[in-house]
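*Asks:* Sharing a model that was predicted from the sequence below.
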Amino acid sequence: MARPNFVGLEGYLATKVFVEALKRTGKNPTREGFIDTVEGIKDLDIQAGNKISFSKENHQGSQTVYPTVILGGKFYAIDDWNKVRRQ
């Protein structure tokens, strides 16, 4: 059984963005159509604590970093981790 890890979490979030962009591109997507669609995404909420936006000049999508730890197979933000550690 695979264990949770940071690469897997990042891949999951990236896949949510990819699938949404593919849906928005519509039937018969082309490379150019997909790129245009992605560059038009503004304030996409993937339930990760921030909104994702792209443009012709910005292909990163998110400027946010989530300091996180994994304990017992669960992800904790550093703020939450400090609370958990004190218990």
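*Replies:* It's in.

*Asks:* Where do the strands of the protein begin and end?
*Replies:* Assigned by DSSP state E, the chain shows strands spanning 44-45, 51-52, 68-71, 74-77.

*Asks:* In CSV, list those along with distance to Val38, mean neighbour count and mean pLDDT.
*Replies:* C-betas here are computed from N, CA, C, even on glycine. CSV is the format used below for the strands of the chain (distance: least, C-beta to C-beta, whole Å; neighbours: other C-beta atoms under 10 Å; pLDDT from 0 to 100):
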stretch, distance to Val38, mean neighbour count, mean pLDDT
strand 44-45, 10, 14, 95
strand 51-52, 10, 18, 93
strand 68-71, 26, 13, 76
strand 74-77, 26, 14, 76
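
*Asks:* out of those strands, nearest to Asn58?
*Replies:* Proximity to Asn58 (C-beta to C-beta) singles out strand 51-52 among the strands of the chain, at 10.4 Å.

*Asks:* just how off-centre is the closest one within its chain?
*Replies:* Computed by C-alpha atoms, centre = their mean, to the nearest Å, the chain-centroid distance of strand 51-52 equals 8 Å.

*Asks:* tell me the pLDDT at the nearest residue to Phe34 once chain neighbours are set aside?
*Replies:* With C-beta to C-beta, 6 or more residues apart in numbering as the criterion, Phe34 has its nearest non-adjacent residue at 5.0 Å, and that residue is Thr25. Note on Thr25: pLDDT of 97.
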